[in-house]
Every structure is written in C-alpha cells, then in structure tokens.
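J.: can you look at this prediction? I've put the sequence above it.
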Amino acid sequence: MEIPFLITLVMLGLGGGVLSGLLGLGGAIFMIPLLLYVPPLLGMGHLDMKQVAAVSMVQVLSASLSGLIVHHKNKFVSKSLLITMGLCNAVGNLAGSLFSKQVNSAFLLAIFASMAIIAAITMFVPKREQGLDIKPEDLVYNKPLAAVISLAIGLFGGMVGAPGAFIYIPVMIYLLGIPTRIVIGSTLGIVLLGAIMGTIGKAMTGQIIWPYALALVIGTIPGAQLGGRLSKKTSTEHLRLAIASIIAITGLRMWYQIITGQ
C-alpha cells in the first residue's frame with residue numbers, strides 16, 4: 001500500500017502545484033483538503049490534520065519557490081512586498097508552527113475553515129482594478145499596515161500549516177489596493193519565506209513525515225511551473241473568481257466535517 005500511496009501523493013502534488021502557480025496560492029488551500037479526503041476515498045489510508053498540516057507546509061515551500069520563479073520572469077513580483085510582508089509572515093509562521101503542537105487537530109481545522117470562508121466572501125465582492133500599468137518597483141502602499149497584517153496571518157497560518165496566501169490575496173487586493181497580477185506574483189514570494197520558517201518549526205518538533213512530504217514535492221515543482229505560465233494568459237477577473245470559488249468550497253466542506261464529524 002505504501003508505494004501506491006506515494007504515487008497518489010505525487011499526483012496530488014502535481015495538481016496542487018498547477019493551481020498554486022496559476023492562482024498565486026502557496027498550495028495549502030488545495031493540498032490540505034486533498035490530503036484529508038482523497039487518500040481515504042481511494043482506500044489508501046488516512047492522515048490526521050496535524051500530519052497533513054506538516055507535510056503540506058513542505059509542499060507549499062516547493063510550490064511557492066517554483067511558481068515565484070515563473071512570475072518573476074513575467075515581472076509581476078514586488079521586492080518591497082516580499083521584504084515588508086514576507087519577513088513578518090516568516091516570523092509569524094515560525095511562532096505558529098512551534099505552538100501548533102500544543103493545539104488539537106479539530107481546533108486547527110476550525111481555524112483554517114473560518115479563515116477560508118472570510119477570504120472567499122471578500123473575493124466575491126466586485127472590484128475595479130486600479131493601477132494596471134504600475135510596475136512592481138513603483139508600487140506604493142501602507143507598509144506599517146501591511147507588516148501588522150502579515151504578522152497576524154503568519155501566526156495563524158503557521159498553526160494550520162498554511163502560510164496564508166488565500167488570506168493575503170483578498171487583503172492585498174481590497175485593503176492595500178494592489179493590482180491583482182502583482183498580488184498573485186508577490187504572494188508566492190511572501191508565503192515562501194513563511195513556509196521556510198514554518199517547515200523549520202514543524203521539523204524541529206518532529207511533525208513532518210518526510211517520505212510523504214518529498215512525494216508531494218516531486219509532483220508540485222513541475223505543476224507550479226506550468227500553472228505560472230498559464231496565469232499570464234488568464235484574465236484577472238477570471239483568476240479572482242476562481243480563487244474565491246475554490247476557497248469557498250474548501251471552507252464549507254471543512255465546516256461540514258467539523259459539524260458532522262465525518
């Protein structure tokens with residue numbers, strides 16, 4: 001059963017990687033529900049929320065790095081955002097990942113589901129794009145506010161095993177007023193720093209099952225490269241609605257699990 005299970009993880013990593021590169025999400029928003037529900041559905045075994053949170057953090061690290069390379073080539077990455085929000089995300093993720101070992105799995109699942117629902121509702125609100133011609137290096141935004149928000153998102157994301165890209169995207173688009181394409185490209189860099197620290201925290205506390213994590217990485221890297229190339233050819237409106245739909249479905253399914261215990 002172990003080899004088929006590892007092959008399943010590689011395929012899940014491939015699919016999650018494509019969506020990650022396409023939508024600018026680190027991948028946990030996809031990988032956590034996929035890892036929770038697909039293996040049992042296929043009769044391949046079961047991973048609890050703590051195990052999923054740990055291996056998905058490693059997958060997010062690889063997806064973010066792979067996707068960031070493509071978006072950087074497309075000139076959609078802001079170095080200022082990476083420094084301001086990325087460093088705060090990294091600090092928050094390290095603290096959250098270390099603290100997560102003391103928190104039960106059901107509570108972690110509830111946090112993740114709540115964050116997803118809030119993010120999805122926000123993303124469905126129509127928004128007129130501003131500054132479409134702004135270059136990443138010329139971007140102007142509220143840096144203190146961005147830093148505080150990033151620290152808070154990183155803290156909760158570290159506990160859940162998701163650096164928080166699915167929260168960053170609506171916050172950066174609607175609250176900080178940053179153009180969608182720059183948000184998608186830069187978010188991968190922000191969550192990359194958080195994923196590095198989150199992975200360190202979960203590794204230090206012995207939560208990562210490395211064979212499972214590496215299987216996910218093998219599928220994720222090429223998937224994120226493909227998704228990043230597809231993203232450049234997709235309209236910002238379609239990208240935003242796709243992100244919102246996926247986040248909403250994920251959040252609702254997890255709350256269903258919490259309430260019914262299934």
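T.: Thanks, I have the structure now.
J.: I'd say Asp48 and Leu108 touch.
T.: No: Asp48 is beyond contact range of Leu108, at 9.9 Å (criterion: Cβ atoms under 8 Å). Any C-beta I mention is one placed from the backbone N, CA and C, and that applies to glycine too.
J.: under the pLDDT cut-off, which ranges of this protein? List them.
T.: Within the chain, the set of residues satisfying pLDDT under 70 comprises 1, 26, 126-133, 161-164, 261-262.
J.: strands of that one, residue ranges please.
T.: Taking DSSP state E to define them, one finds no strands in the chain.
J.: counting neighbours, go ahead and name the busier of Asp48 and Leu108.
T.: Between Asp48 and Leu108, counted using other Cβ atoms under 10 Å, the more crowded position is Leu108 (22 against 12).
J.: quick one, what contacts the more buried one?
T.: With contact set as Cβ atoms under 8 Å, 6 or more residues apart in numbering, Leu108 has these partners: Met49, Lys50, Ala53, Ser100, Met159, Val160, Gly161.
J.: swap in Ala224?
T.: Going by Cβ under 8 Å, 6+ apart, the list of residues near Ala224 reads Gly17, Val18, Ser20, Gly21, Gly27, Ser62, Ala63, Ser64, Ser66, Gly67, Val70.
J.: save the contacts of Leu108 as a markdown table, and put in neighbour count and distance to Leu239 too.
T.: As requested, the contacts of Leu108 are arranged in a markdown table below (neighbours: other Cβ atoms under 10 Å; distance: Cβ to Cβ, whole Å):
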| residue | neighbour count | distance to Leu239 |
| --- | --- | --- |
| Met49 | 22 | 29 |
| Lys50 | 16 | 32 |
| Ala53 | 29 | 26 |
| Ser100 | 25 | 30 |
| Met159 | 26 | 28 |
| Val160 | 29 | 24 |
| Gly161 | 33 | 24 |
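J.: Gly92: which of those residues is nearest?
T.: Distance to Gly92 across those (Cβ to Cβ) is lowest for Met159, with 9.7 Å.
J.: any idea how far that closest one is from Ala119?
T.: 16 Å (Cβ to Cβ, to the nearest Å).
J.: apart from its chain neighbours, what residue comes closest to Gly223?
T.: Gly17 (2.4 Å; Cβ to Cβ, 6 or more residues apart in numbering).
J.: does that neighbour touch Leu230 like I think?
T.: No: in this structure, Gly17 is not within contact of Leu230 by Cβ under 8 Å, at 11.6 Å.
J.: tell me which of these two has more neighbours.
T.: Taking other Cβ under 10 Å, Gly17 and Leu230 do not tie; Gly17 has more neighbours (31 against 14).
J.: not counting its neighbours along the chain, what's nearest Ala248?
T.: Using Cβ to Cβ, 6+ apart, the closest residue to Ala248 is Ala120 (3.6 Å).
J.: let me fix that, I meant to ask about Arg253.
T.: In space, Arg253 is closest to Pro33, 6.2 Å off (Cβ to Cβ, 6+ apart).
J.: can you check His71 too?
T.: Per Cβ to Cβ, 6+ apart, closest to His71 is Gly185, 3.5 Å.
J.: quick one: the one you found from Gly228, how far?
T.: Gly185 is 9 Å from Gly228, by Cβ to Cβ.
J.: do the same with Leu41
T.: Using Cβ to Cβ, Leu41 is found at 29 Å from Gly228.
J.: then Gln51?
T.: If you go by Cβ to Cβ, the gap between Gln51 and Gly228 works out to 28 Å.
J.: go on, Tyr256?
T.: Taken as Cβ to Cβ, the span from Tyr256 to Gly228 is 32 Å.
J.: who has more neighbours, these two?
T.: Gly228 (28 against 12).
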